[in-house]
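In: this one's sequence-less:
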Ligand SMILES: Cc1cc2nc3c(=O)[nH]c(=O)nc-3n(C[C@H](O)[C@H](O)[C@H](O)COP(=O)(O)OP(=O)(O)OC[C@H]3O[C@@H](n4cnc5c(N)ncnc54)[C@H](O)[C@@H]3O)c2cc1C
Ligand code: HEM
Ligand code: HEM
Ligand code: SF4
Ligand code: F3S
Ligand code: FES
């Protein structure tokens, strides 16, 4: 407690594409560290007391909603749950997530991307035999383990870390990206989704899909929700490679 | 001037908003959803614990049905709710959850055979029935008689919202992201849509619609420490208030959750206690049984929160540099359970506190959590005073929560209200044509434009961030868990001053496109008005009911206060709202006021209570053969959309 | 149930799936082949005799009555490997950054994240690129001179024909590329995942590193031995290895006319081919 409070140095990329004359630059801000300080707290302090134009996105500030992903000292991560004490030299460099449309400063448009991804992989239950359920009747049973397994993949918060961490995705715009593979894997696992392997192949069976993945595993290593990217992409690849 | 036309304009992309949009499009009406952020980031995603629906599949929920759920909900509300709405709600909740199940929510399921659970601090073995295997299971939550809260591990809201949004994407519903509704367009008591600001370009757009639905969630950010998301600022509620026509209901009913972590206020779910976690004081002593021998840690939230504060006032709190707190102990649940069913909690503890809840106690304190109040609607979800304006979810005072909502009843409400109100919205679209003069649209746009230019052009004035902070402190200190005349009147006076100061905000950063300071400047005056509605309503309500607890009026006073607060803000120059009351008619209640069975019972009863009890007995005696459905019809005949009228099936009892 | 998509003729090509399998398949075969290759080459560490024995065995000398072997066998082996090599390379090149812009993005991503598996892939690309040239030369040589695998001739190639820089480059490239590739194969197809795939990955990475070091050490040692031999053999460039002492010894014990014949025959054979080489060089 009687430790001298450190002064943190934040080096933040500033750029507002809405202003035609603006060019990207790194600006440095100093903040007195407080116990338990997260990047969320620090950035708000900077905005409230030093530079009211600083743009960034936080919503839940609890690591739940996935809106605050950014590049923190080179690593994609959720800023709201990153404690400043993690950085022994007190230097923190913040960049917006690459691979997404920049809105301004640290804020990027993940929403548009994720919607397009959802549409591309048809991120919903497909069951041609039913148009809608009879919700008065008892629900269809599901194996408890199956439910748990689906939840494991459903934990994705669409933060985009895996997209930014994937050099393949960065090089090739049309590459689906790990978040899409996780989504496909999630539905492929779900007994309620009646899509066949052939149908999934139509979505991911090419070099923009699972065969374009070069197994760089940035997705696996930077997913803040620890989704099992490596095993699931491998599983998907096996399945797709065997499609007749 | 950019104008976008649609049939139903849904402001808010949380569970409630999306469900209404789905209902609209399924009935063939054009719809657009507006959201501050991608819909999947709405605060609904943060709900961890679960959704209440009386499926009765798990062994500990055997015997559960709509009636028991109804009873719990009304008791939870401290009889402040609208019983018709509560009825519609409990009858529809099982349908909602089953539909969501078909849409993809991976609800946790019953596993047949033996299982060890923690009940009342002790390990107990329970045996799930073979025939229930694979059905949706449920856990215990505060204030419920049965284990009724269905869940997916501890990511319930997340999985629900994802399933809902994915369904919306399947149906091709457009979600316009990074758009903020800043005013409603209305004339002669009819609402025609909203003026919307694009948060990226700063452009003002008029969205014109037959029906406008506000589903913008709660207003927790009126308080400095809250479990709510930073966007839960109540702007949707505020723009309804600013019409001067629509009214807000029960704004003083603000819930405090017992277990948010100290200091940041991030929630640890009620599931922690539901699954067997305990509250301990500085001596590691379990104090709740002393106060609430019946339900102990699992009394309703308002009760547990108050008991915790009481206990800390006795000097039993653990002191820390952030003030006193208590401990939440989930170590007794064991590693496997925590890793599986409370993982989100574990992550939060690890990341924000640097502790491991498998071994360490969690520092917790009651924290602002839920807004029972909101835009007053009738049972169809429509504002009784502003035609064409609907509201649902936490933003609304549809009023099934009264003065305290039960854990798990809120996400359930969003979906059920989405279904029911969604049908009424579609009906409204069917029965009305859009008839609007472009002059009107123009004048509303112009008004907002002028306000924004004034903000940008003003050279010297107030700092919006500071105003907000001051307001949040006032609310936290003076309009908190325990309230009294002195603090509340001070709060009202302080907020009046803030309201004046808010008219004089000036910006440092003078651009009209994406500019966080401008966003704040637009919101803060609205938030101060809402805060004033809460504070003023609390000052006037001289009783204690549910979450509204007055030190100076400790009794629940059915005699004088069994009524709903209605707030309007007609005069834009005023500093306080106009307040009216709407009586709750005991003679129409299915369940007349009584004791909740937890907390202190010092109710001052209403004379009708006894009358109604007698009447109900008579009806029961006169119809000895009536089953529970017939009885409900006799006691509480409700209207409900055709689609949702059927009975619900349950394991072991069919449709009975 | 009827499958809509299959009935429609929008069916997606199965080619990418096949190509991915071929890429991995060729990679796997090449990767494992290189292990074998390195063991075989390093037989030189046990002496010229051992290497010679290996070389002859490769020529399937044990099949022929004369024990003379069929250089054809080596020719075919090389042909097969060369083909795999070319197929693998052709498929691999598709993954290369195709433009300067893509390359720059990849580099900036690497310097930003400093993420190991991403960097390893870049190592594969670079080493693949190098092998494209060096490997081709080596394989071409082996293809055109299948009978010239011999302790002395190999040593000569390395020193007197100045092949050692090529082999050094090739050695580093192939050992890095191959072991990284095999590790990546495990990740890519989920092999050896075990109960805890994350743990397994860590273990596989350790194994990968150890294998790289092991084979590099083995190769360097072999190259060193070859070089020393090559330097010592400088004066006799082109003279193949003769199992003089061995043969003489055996002759002492039991002089068989058959053996003598063999001895002579192999001598002349080797002589001929070594001339071929010098001819090659002249051209
Ligand atoms: C931490 C936490 C845990 C909870 N856990 C549970 C639980 O376990 N069980 C339970 O039943 N309940 C729980 N709740 C309560 C429940 O989650 C919420 O009440 C419910 O999700 C609210 O949903 P909603 O659809 O009304 O609004 P939200 O999900 O809050 O959505 C609001 C939407 O409105 C949009 N919006 C807001 N303002 C504007 C504007 N001006 N213009 C345009 N768009 C706007 C936002 O972008 C957002 O899309 C919890 C709440 C919290 C805070
Ligand atoms: C011209 C020479 C070569 C080139 C250009 C080349 C290129 C590549 C590339 C780009 C990859 C990555 C493929 C991907 O990410 O999907 C790769 C993988 C691989 N390479 Fe090579 N390579 C060459 C030679 C070799 C050799 C000689 C070996 C044998 C050791 C080898 C073994 C492997 C293995 C095992 C893999 C992993 C297979 C896979 O990822 O599917 N390669 N190669
Ligand atoms: C069937 C095919 C092959 C045959 C028969 C073969 C044969 C040989 C021989 C005989 C040598 C010893 C040096 C010499 O005689 O010149 C050698 C060395 C070497 N070969 Fe090959 N080779 C083959 C394929 C490959 C391939 C595909 C590669 C890698 C791309 C490779 C890489 C090397 C390296 C690096 C050395 C030097 C080893 C050392 O001394 O450390 N070879 N090879
Ligand atoms: S898979 Fe992981 S990293 Fe990717 S978007 Fe989802 S949560 Fe983020
Ligand atoms: S980082 Fe990219 S290349 Fe594949 S393994 Fe992950 S998607
Ligand atoms: S703000 Fe929601 S994850 Fe960081």
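Out: That came through fine. For clarity, every value in this text was computed on a predicted model and none was experimentally measured. Numbers count the residues shown, from 1 in each chain, chains lettered A, B, ... in the order given. Ligands and ions are numbered 1, 2, ... in the order given.
In: show me the contacts for residue B:189.
Out: Applying Cβ atoms under 8 Å, 6 or more residues apart in numbering or on different chains, one finds that residue B:189 lies in contact with B:245, B:385-387. C-beta here means a position set from N, CA and C on the backbone, and glycine is covered the same way.
In: next one: residue A:60
Out: So residue A:60 contacts A:67, A:80, B:41, B:43, B:45-46, B:229-230 (Cβ under 8 Å, 6+ apart).
In: mind showing which ranges of chain A have poor pLDDT?
Out: Scanning chain A for pLDDT under 70 picks out A:1-3.
In: try 80 this time
Out: Applying pLDDT under 80 to chain A picks out residues A:1-4, A:130-132.
In: can I get the contacts of residue B:189 in a markdown table including pLDDT?
Out: As requested, the contacts of residue B:189 are exported to a markdown table (pLDDT from 0 to 100):
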| residue | pLDDT |
| --- | --- |
| B:245 | 98 |
| B:385 | 97 |
| B:386 | 98 |
| B:387 | 97 |
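In: tell me the one of those residues nearest residue B:307?
Out: Proximity of the contacts of residue B:189 to residue B:307 (Cβ to Cβ) peaks at residue B:385, which lies at 38.9 Å.
In: any idea which of the contacts of residue B:189 is the one closest to residue C:196?
Out: residue B:386 (58.8 Å).
In: next, residue B:23: secondary structure please.
Out: helix (DSSP: H, G, I helix; E, B strand; the rest coil).
In: tell me the secondary structure at the residue nearest the centre of chain B.
Out: Centroid-nearest residue in chain B: residue B:394, 3.7 Å away (criterion: Cα atoms, centre = their mean). Classification of residue B:394 using three-state DSSP returns helix.
In: if I pick it, what's in contact with it?
Out: B:14, B:16, B:217-218, B:370-371, B:374, B:410, B:413-414.
In: so what's the residue count around the residue in the stretch 451-600 of chain B positioned nearest to ligand 6?
Out: Closest contact between the stretch 451-600 of chain B and ligand 6, by Cβ to the nearest ligand atom, is at residue B:516 (14.9 Å). Number of residues near residue B:516 (other Cβ atoms under 10 Å in any protein chain shown) recorded here: 23.
In: still on that earlier bit, pick the one among the contacts of residue B:189 closest to residue B:603.
Out: residue B:385 (31.4 Å).
In: can you show me the helices along chain A?
Out: For chain A, the helices defined by DSSP state H occupy A:39-49, A:110-120, A:144-154, A:161-164, A:167-171, A:178-189, A:197-204, A:218-222, A:229-241.
In: list the buried ones in the longest helix along chain B?
Out: Identified as the longest helix of chain B according to DSSP H is helix B:516-540. Of the residues in helix B:516-540, B:516-539 count as buried by neighbour count, 16 or more other Cβ atoms under 10 Å in any protein chain shown.
In: check whether that helix contacts ligand 1.
Out: No. Using Cβ under 6 Å from any ligand atom, we find that helix B:516-540 stays clear of ligand 1, coming within 8.3 Å at best.
In: please report how far residue B:222 lies from residue B:577.
Out: Noted for residue B:222: a distance of 14 Å to residue B:577, by Cβ to Cβ, to the nearest Å.
In: more neighbours: those two, which one.
Out: Taking other Cβ under 10 Å, residue B:222 and residue B:577 do not tie; residue B:222 has more neighbours (30 against 23).
In: contacting residues around the more buried one?
Out: By Cβ under 8 Å, 6+ apart, the neighbours of residue B:222 are B:233-234, B:368, B:471-472, B:475, B:527, B:530-531, B:534.
In: run the last query once more with 7 Å
Out: With contact set as Cβ atoms under 7 Å, 6 or more residues apart in numbering or on different chains, residue B:222 has these partners: B:234, B:471-472, B:475, B:527, B:530-531, B:534.
In: ranges for the helices of the stretch 51-200 of chain C?
Out: C:71-93, C:100-113, C:116-144, C:151-159, C:164-189, C:197-232 (DSSP state H, counting those that start in this stretch).
In: now the stretch 201-350 of chain B
Out: Under DSSP H, counting those that start in this stretch, the stretch 201-350 of chain B gives helices at B:235-242, B:271-274, B:288-291, B:301-311, B:335-341, B:343-348.
In: let me have those helices in a markdown table, extended by mean neighbour count.
Out: A markdown table is the format used below for the helices of the stretch 201-350 of chain B (neighbours: other Cβ atoms under 10 Å in any protein chain shown):
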| stretch | mean neighbour count |
| --- | --- |
| helix B:235-242 | 27 |
| helix B:271-274 | 26 |
| helix B:288-291 | 17 |
| helix B:301-311 | 24 |
| helix B:335-341 | 16 |
| helix B:343-348 | 23 |
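In: ligand 6: which of these is closest?
Out: helix B:343-348 (10.8 Å).
In: tell me the angle the helix or strand that that closest one is followed by makes with helix B:516-540.
Out: Next helix or strand after helix B:343-348 toward the C-terminus (DSSP states H and E): strand B:362-371. Counting by axes from the mean of the first three to the mean of the last three Cα atoms, to 10 degrees, strand B:362-371 lies at 80 degrees to helix B:516-540.
In: ok, residue 234 - contacts?
Out: As the question left the chain open, I've gone with chain A. C:187-190.
In: I was after chain C.
Out: By Cβ under 7 Å, 6+ apart, the residues touching residue C:234 are C:159-160.
In: pLDDT score for it?
Out: pLDDT recorded at residue C:234 is 90.
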